[in-house]
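Student: Give me coordinates for this.
(2 chains)
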2 protein chains.
Amino acid sequence: MSDTGFARLPAPPYYAVVFSSRRNDADPEGYAAAADRMLELARQQPGFLGVESARDAGGFGITVSYWESEAAIRAWRQHAEHAEVRRHGRTHWYAHYELRVARVERASGSAGG
Amino acid sequence: MSDTGFARLPAPPYYAVVFSSRRNDADPEGYAAAADRMLELARQQPGFLGVESARDAGGFGITVSYWESEAAIRAWRQHAEHAEVRRHGRTHWYAHYELRVARVERASGSAGG
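Tutor: This next block holds a predicted model:
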């Protein structure tokens, strides 16, 4: 994430992983530490382009990570520490989640940033 | 949005419009009323599948709307009242925004919902 929350991305095409989730109330410190660690690891992955994330006061959140290719997404999915944290998250941190993988075909934005 | 915040979507493929934005502090009532109205109108559009949205306490938000086709996205973009509200929003409500249009190729989620 940039300081303003927006990812700085190249021109399309590229890939997006849209992760929508509702947190339960459990373990906010453990969750925050894992989220920071996953961001640190993702930034080191080949093909990682950026990420944007927002969570509302009710615990519903959307995180969109951006990748150069499907191969890059697959490699991140297979990262051992990431896989272990996902397993933990499924049973400990989320009431529910949905994940969608998409190919970004066009993009636009307001001037500046 | 469902009661839980999650869109109930068919199996892919379908299309996603990822709208990331940072609100300024202006006109919260006007913005909220317009957001409600746009959701009401979008639901009436042919090819609208669902929407998910989260905004954090700092004003950074992500809204993902889902559509059957690119033609459905184009028709919504050309909707006169929607176009007018977008014009207003660009100059009155947002410090910055980014919009990405993507083709969802696969999806998964946790059980239940």
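Student: hey, let's count contacts and neighbours off CA atoms from now on
Tutor: Noted.
Student: After the one helix or strand A:His82 maps to, which helix or strand is next?
Tutor: Here A:His82 sits within helix A:80-92, counting by DSSP states H and E. On the C-terminal side of helix A:80-92, the closest following helix or strand by DSSP H and E is strand A:94-109.
Student: what sits up against that following strand?
Tutor: A:11-24, B:6, B:16, B:96-113 (CA atoms under 8 Å, 6 or more residues apart in numbering or on different chains).
Student: Also stretch A:13-25?
Tutor: A:59-70, A:93-106, B:6, B:52, B:102.
Student: and that stretch, how far out from the chain's middle?
Tutor: 6 Å (CA atoms, centre = their mean, to the nearest Å).
Student: buried set for the helix or strand A:Val18 falls within?
Tutor: If you go by DSSP H and E, A:Val18 is part of strand A:14-23. Judged by neighbour count (16 or more other CA atoms under 10 Å in any protein chain shown), strand A:14-23 contains these buried residues: A:14-23.
Student: same check, this time on stretch A:42-59
Tutor: Buried residues in stretch A:42-59 (16+ other CA under 10 Å): A:42, A:47-56, A:59.
Student: How about stretch A:57-71?
Tutor: A:59-70.
Student: Quickly check: the helix ranked longest in chain A near chain B or not.
Tutor: Identified as the longest helix of chain A according to DSSP state H is helix A:28-43. No: Helix A:28-43 does not reach chain B (CA under 8 Å from any CA of the partner chain); its nearest approach is 15.0 Å.
Student: Partner strands of the helix or strand just after that helix, with direction?
Tutor: For helix A:28-43, the succeeding helix or strand toward the C-terminus, using DSSP H and E, is strand A:48-55. Taking DSSP bridges as the criterion, strand A:48-55 pairs within the sheet with strand A:60-67 (antiparallel).
Student: Which SSE is immediately downstream of the partner strand?
Tutor: Counting by DSSP H and E, what follows strand A:60-67 is helix A:70-78.
Student: pLDDT of that next one, averaged?
Tutor: The pLDDT scores in helix A:70-78 average 97.
Student: now for that helix, which elements pack on it?
Tutor: Under the contact criterion of 3 or more CA pairs under 8 Å, 6 or more residues apart in numbering or on different chains; DSSP states H and E, helix A:70-78 touches no helix or strand at all.
Student: mind listing what's buried in that helix?
Tutor: Quick answer for helix A:70-78 (16+ other CA under 10 Å): A:70, A:72-73, A:76.
Student: tell me the angle that helix makes with helix A:28-43.
Tutor: 140 degrees (axes from the mean of the first three to the mean of the last three CA atoms, to 10 degrees).
Student: distance between helix A:70-78 and the chain's centre?
Tutor: The answer for helix A:70-78 is 13 Å, by CA atoms, centre = their mean.
Student: Could you export the buried residues of strand A:14-23 to a markdown table, including columns for pLDDT and distance to A:Gly30?
Tutor: Shown next, in a markdown table, are the buried residues of strand A:14-23 (pLDDT from 0 to 100; distance: CA to CA, whole Å):
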| residue | pLDDT | distance to A:Gly30 |
| --- | --- | --- |
| A:Tyr14 | 98 | 32 |
| A:Tyr15 | 98 | 29 |
| A:Ala16 | 98 | 26 |
| A:Val17 | 98 | 23 |
| A:Val18 | 98 | 22 |
| A:Phe19 | 97 | 19 |
| A:Ser20 | 98 | 19 |
| A:Ser21 | 97 | 16 |
| A:Arg22 | 97 | 16 |
| A:Arg23 | 96 | 12 |
